[in-house]
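A.B. asks: Predicted coordinates and the sequence they were generated for:
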Amino acid sequence: MSYVAEGYNSFETKKSPSGIVKYLPDPKSVIALIQSGKLKEHILLVQGGTTTFLAPALSMGAIGVITMSGAPESHLGILSREFQMPCVMTAYLTESDARYVTGGNNEAHFAAMIKALDGKKVQLHCEDRETGRVALLS
């Protein structure tokens, strides 16, 4: 199996959820997804590990999260463990040299991640203690 992205694993688990990646840039998009009734069909893509507006989605049964920044010790990393939900953090594209840099201009990295993953069917693999991986299914 080839992986399109990988990052820090915040919750070691044999769960391998799959779904369509949905980029959620703001609280309004989170509420819209919850109200659509399709939350469990999606792997949630967010920019940061301190994305507290994602909390309603976690409590409503989100199946997996990918962040483009943040660490397993961040708020979202802690919540993912509490909800026992696979979460790949500070993800990067495996065929790109672009990486998130703390305090840097990461707009190109974020744009590339969104372009590569949003709307694609993926499967999360979080069985490794350190590294979480994202496989492209279609």
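C.D. replies: All right, it came through fine.

A.B. asks: what's the pLDDT at the residue minimising distance to the centre of the chain?
C.D. replies: Nearest residue to the geometric centre of the chain (C-alpha atoms, centre = their mean): residue 66, 0.8 Å. At residue 66, the predicted lDDT confidence score is 97.

A.B. asks: tell me the contacts of it?
C.D. replies: 5, 7, 21, 43-46, 87-89, 91, 117, 124, 134 (C-beta atoms under 8 Å, 6 or more residues apart in numbering). C-betas here are computed from N, CA, C, even on glycine.

A.B. asks: Also residue 63?
C.D. replies: Contact analysis of residue 63 by C-beta under 8 Å, 6+ apart lists 17, 19, 40, 42, 43, 85, 86.

A.B. asks: any chance you could map the helices in this structure?
C.D. replies: In the chain, the helices defined using DSSP state H lie at 27-36, 55-59, 75-82, 107-117.

A.B. asks: for these, which one ends up most surrounded?
C.D. replies: Scoring the helices of the chain by mean neighbour count under mean count of other C-beta atoms under 10 Å gives helix 75-82 as the most buried, with a mean of 19.
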